Structure formats: structure tokens, C-alpha cells
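Q: build the 3D model from these lines:
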Amino acid sequence: MDAVMLVGGQGTRLRPLTMSAPKPMLPVAGVPVTAHMLARARDAGIDRVVLATSYRAEVFEEYFGDGSAHGLQLEYVTETEPMGTGGAIRNVAERLHGGPGDPVVIFNGDILAGLDIQALVARHTGTGAAVTLHLTRVVDPRAFGVVPVDDDGRVTAFLEKTPDPPTNLINAGCYVFRRSVIDTIPTGRPVSVERETFPGLLAAGTAVMGYPDDTYWLDLGTPAAFVQGSRDLVTGRMASPALPGPVGDCLVLPGAVVAADAKIGGGATVGAGAWVGAGAAIDGAVLFDGAVVEAGAVVRDSVIGRDAVIGSGVALDGVVIGDGVRIERGNELRSGARVFPGVVLSAGAVRFSSDRT
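A: Numbering: from 1, shown residues only. Sure, this is the predicted structure:
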């Protein structure tokens, strides 16, 4: 079965982390989020995936190659201009092998989901739908476009953000298309499946089905969600066959050096070649490869970029530190602060910050 993974987004909400890599290639619990979702696709019986790339397209093929090491056949199609979700799907149509009536699974590459992909496909083929959408329930749907369905599961509307939504079901970013529907998406211009393709199918009376699902789902688009997703993978709340180690209270990758009295927990990840000094505490944080946390520093719910250095006694809570940053001793940053690559914070320069540096 063919699948398409949409991995072309720049991930501006995750800057500065995405200045050196696309969001779907950032390491979440030790490997790119794309690797987690490709492994789930493989285990669901999908054998061939076309990656629809754009921003920093080369890093995907450098990491995954032809896919054989991951039990898949992978191909890559690079979008030179942003064409929207529908345009990106249409752009890979010539690489799909299935016939007009065959199902094609479409994934957003920056979402973690525990969805039963086989059940979604079975729902699609069993109802004869043109498109079937994975739908998830959220506590407060006012921040999302919602997707109401009737008693038979047929989608009745696609509604933009509203103060009084009629349902808490939202589009979860995974679909099954009948191949022939992909071929009808216009070429040569941006197309949104959410605003054009799906509403157009409804207007034409074509069957679009919903698959409501209550399993794990998380959009990794913000730093807080990125940390949460990594933590959930490490602790096993979200299962992944691509997790590079056992489920537990922390994940320490090969080559990392952790002092005997350092405290690592809360689902934290310590990347390959990282170094954690004596008396340091890493709680729920993500340390990318080569990051250094010196003696006595405390890092909570934060992301520390590659080769960044966190000095002795530094306190970080809920912040994002870019690649190669150096934060000298005595600094304290909290509550959404972001430090961009190349910055050096001298000793004691910041006691508290929620700004970008």
C-alpha cells in the first residue's frame, strides 16, 4: 500500500530549533518524529512511502536513504514553491503505484498519533468513501476547525474556528484518499484540502467519512508540545517501535556521559555525545546531541540544541536554546525564553527572561 508523508513545513513556531533542520526531522525521544510515524506506518502494512519535502529537503534523504534500513521503500518529491496541503499531495501523484480505486494514506509528518492505521484503512474501504479522515476529540475545540459527522460517521461540514462549535471533533491530519480523488486536485497552484478539496467533495455529494478516535494525538508545533511529545515517547504513554531504547523515566543515548550524582528523570532525553555534570538535574527536558550541562545546572521542560553549553549553576525552565549557544554560570531563564544560535550569555547576565535573545 502507498502512503504520502507531508514533511515540507518550516516549523516557524519552533525556531530557533528549525533554523538547522525541518520540524519533522527534529529529534523527539532520540530520533526524528518522521521516524516514529514511518515505523508505525510500516507496522500497519504500508510498504512504500513518498515523502513530500520542501524546506531543507536534502536532510530527509540523507537520514532515511531508500528506506531499506527502516523496512520501507521511500521516494522523495521536493516542492519548489509552497502549494498547500492539497498541492503537495497532488505533486506526488505520479510517484504513486496504486490503481484509481486503491487507498492512499496521507500523513502530516509533524504529528504524533497512536492511531490504528489498519482500522482507518478498513473503515475507508468498507464504506466506499472517497476520503476518510482521522478525527480526534479535544477538550476545547474553539481553537480549531471542527468536523461534525452524522450518525453513520459521514462528514457533514468543515467549520472554521467558532466560539460555539457543534462538536469537539477536529481534523487530526491523517487521511485515506481514493487514488482517483488525488488526480482531481488542481495542479500549478496552491490548494488546501481543508478549505477547498474536502468542502468541494461535500458540495458535490461525494462521501467523505470520519473516523473518530480517542488514542494518543499531539501536534508538535510548539516548544511545550515538542517537550511533551518527547516525554510521552520516553515514558511509554505514546508507543513507538522506533524508540532507540527501553521505555522508562529517561532515555540516555549511546555516547552520552552522565555524572554519577546527576539526576535525570521526568521522561528526559540526553542525546548522543551529550555531557551532564556533577549534581546537575535534567527534568523532562530534551538535550540534543553534543549538548553540555555543567555541574549543578538545573534544566526543566526545555530543549537544548546541538553542542550548546549550559554553564554551572544555570537554571532553565520551559525555554528553547539554539544550537551552539553558550550560557555562562549564574543565568536564569524561564517561561518561553528562546536563545538563538551564536549567542553567548555572560555570567549572571539574565536572572529571568521570557523574551527571545
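Q: report the longest helix in this structure, please.
A: helix 223-235 (DSSP state H).
Q: then that one to PDB, C-alphas only?
A: Extracted in PDB, the C-alpha atoms of helix 223-235 (Å, rounded to 0.1, in the frame of the first residue of the first chain):
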ATOM      1  CA  PRO A 223       8.100  24.100  22.100                       C
ATOM      2  CA  ALA A 224       5.900  22.900  25.000                       C
ATOM      3  CA  ALA A 225       4.200  20.300  22.800                       C
ATOM      4  CA  PHE A 226       7.700  19.200  21.500                       C
ATOM      5  CA  VAL A 227       8.900  18.600  25.000                       C
ATOM      6  CA  GLN A 228       5.600  16.800  25.900                       C
ATOM      7  CA  GLY A 229       5.800  14.500  22.900                       C
ATOM      8  CA  SER A 230       9.400  13.500  23.700                       C
ATOM      9  CA  ARG A 231       8.500  12.900  27.300                       C
ATOM     10  CA  ASP A 232       5.400  10.800  26.300                       C
ATOM     11  CA  LEU A 233       7.500   8.600  24.000                       C
ATOM     12  CA  VAL A 234      10.200   8.000  26.600                       C
ATOM     13  CA  THR A 235       7.800   7.100  29.300                       C
END
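Q: what are the contacting residues of stretch 295-302?
A: Contact with stretch 295-302 is made by 224, 227, 259, 266, 277-287, 293, 310-321, as judged by Cβ atoms under 8 Å, 6 or more residues apart in numbering. No exception for glycine: its C-beta is placed from N, CA and C like everyone else's.
Q: filter those residues to the buried ones?
A: Among the contacts of stretch 295-302, those that count as buried by neighbour count (16 or more other Cβ atoms under 10 Å) are 227, 266, 277, 279-287, 293, 310-321.
Q: mind giving me the domain split of this structure?
A: With domains defined by automatic domain parsing, the chain comprises 2-219, 249-345.
Q: out of those domains, nearest to R237?
A: domain 2-219 (6.8 Å; Cβ to Cβ).
Q: ends of that closest one, what's the gap?
A: 23 Å (Cα to Cα, to the nearest Å).
Q: roughly how far out does that domain sit from the chain middle?
A: 12 Å (Cα atoms, centre = their mean, to the nearest Å).
Q: follow-up on the earlier one: deepest of the domains of the chain, which one?
A: Mean neighbours per residue, mean count of other Cβ atoms under 10 Å, is largest over those for domain 249-345, with a mean of 21.
Q: quick one: end-to-end length of that domain, please.
A: By Cα to Cα, one end of domain 249-345 lies 31 Å from the other end.
Q: for the record, mean pLDDT for that domain?
A: For domain 249-345, mean pLDDT is 95.
Q: what pLDDT is listed against S353?
A: With respect to pLDDT, S353 has a value of 63.
Q: next one: the one 3 residues further on
A: At R356 the predicted local confidence, pLDDT, stands at 62.
Q: and G99, by the same measure?
A: With respect to pLDDT, G99 scores 87.
Q: grab the nearest non-local neighbour of it.
A: R179 (6.5 Å; Cβ to Cβ, 6 or more residues apart in numbering).
Q: that neighbour contacts H97, correct?
A: No: using Cβ atoms under 8 Å as the test, R179 is too far from H97 to be in contact (9.4 Å).
Q: give the residues shared as contacts by the two.
A: Between them, R179 and H97 share these contacting residues under Cβ under 8 Å, 6+ apart: D2.
Q: roughly how far out does stretch 289-301 sit from the chain middle?
A: 24 Å.
Q: residues contacting G84?
A: Applying Cβ under 8 Å, 6+ apart, we find G84 in contact with 190-193.
Q: please apply the same query to T222.
A: 13-14.
Q: next one: it from D110, what distance?
A: In this view, T222 and D110 are 11 Å apart by Cβ to Cβ, to the nearest Å.
Q: how about V181?
A: 23 Å.
Q: what of P103?
A: Distance, P103 to D110, using Cβ to Cβ: 23 Å.
Q: with T127 instead?
A: The value you get for T127 to D110, if Cβ to Cβ is used, is 28 Å.
Q: just send the domains of the chain back as a markdown table, with distance to A239 too.
A: Rendered in a markdown table, the data for the domains of the chain read as follows (distance: least, Cβ to Cβ, whole Å):
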| stretch | distance to A239 |
| --- | --- |
| domain 2-219 | 7 |
| domain 249-345 | 14 |
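Q: picking up where we left off before, out of the contacts of G84, which is nearest to V343?
A: After measuring the contacts of G84 against V343 - Cβ to Cβ - the closest member comes out as P190, at 35.5 Å.
Q: not counting sequence-adjacent ones, nearest residue to G290?
A: Nearest non-adjacent residue to G290 (Cβ to Cβ, 6+ apart): D307, at 4.3 Å.
Q: that neighbour contacts A274, doesn't it?
A: No: counting by Cβ under 8 Å, D307 does not reach A274; the two are 9.4 Å apart.
Q: who touches both of these two?
A: Joint contacts of D307 and A274 (Cβ under 8 Å, 6+ apart) are 289-292.
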